[in-house]
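*Asks:* Build me a structure from this.
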Amino acid sequence: MSTVRISNHAKEQMDERGITEQMVLDIIRNPDQTIPEDDDKLVYQSITFFVEEGRDYLVRVFVNIVKEPHLVITVYRTSRIKKYWINED
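*Replies:* Numbering: from 1, shown residues only. Below is the predicted model of the structure:
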């Protein structure tokens, strides 16, 4: 992947949700799953343990792959892992 830039919106969401920039970069570099959102976006997602809550969350990173450098447009975490996890049979 080329260089990545994080939008101001994504940075705000990260701050609100306790997601660090390092977490986002690690997920982009080594995701558990990569899911096409549409022609210009990919969702990189990984199950991540949050020590503060003592549980796993699915962290989803939405990246515009048409922009150069690629642009992280939003980030969030959810406890509803099964809703977003793609089972590969």
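
*Asks:* how much space between the residue nearest to the spatial centre of the chain and residue 3?
*Replies:* With distances taken as Cα atoms, centre = their mean, residue 61 lies nearest the centre of the chain, 1.9 Å away. Residue 61 sits 15 Å away from residue 3, taking Cβ to Cβ, to the nearest Å as the criterion. Every C-beta, even on glycine, is put in place using the N, C-alpha and C of the backbone.

*Asks:* likewise residue 66?
*Replies:* Using Cβ to Cβ, we find residue 66 at a distance of 14 Å from residue 3.

*Asks:* repeat for residue 23
*Replies:* Using Cβ to Cβ, residue 23 is found at 18 Å from residue 3.

*Asks:* Report the beta-bridge partner residues of the nearest residue to residue 25 once chain neighbours are set aside.
*Replies:* Residue nearest to residue 25 in three dimensions, not counting chain neighbours: residue 4, with 7.0 Å by Cβ to Cβ, 6 or more residues apart in numbering. With DSSP bridges applied, residue 4 shows beta-bridge pairing to residue 70.

*Asks:* what's the neighbour count on residue 4?
*Replies:* Counted with other Cβ atoms under 10 Å, the neighbours of residue 4 add up to 17.

*Asks:* so who does it touch?
*Replies:* Residue 4 sits next to 25, 28, 63, 69, 70, 71, 72 when contact means Cβ atoms under 8 Å, 6 or more residues apart in numbering.
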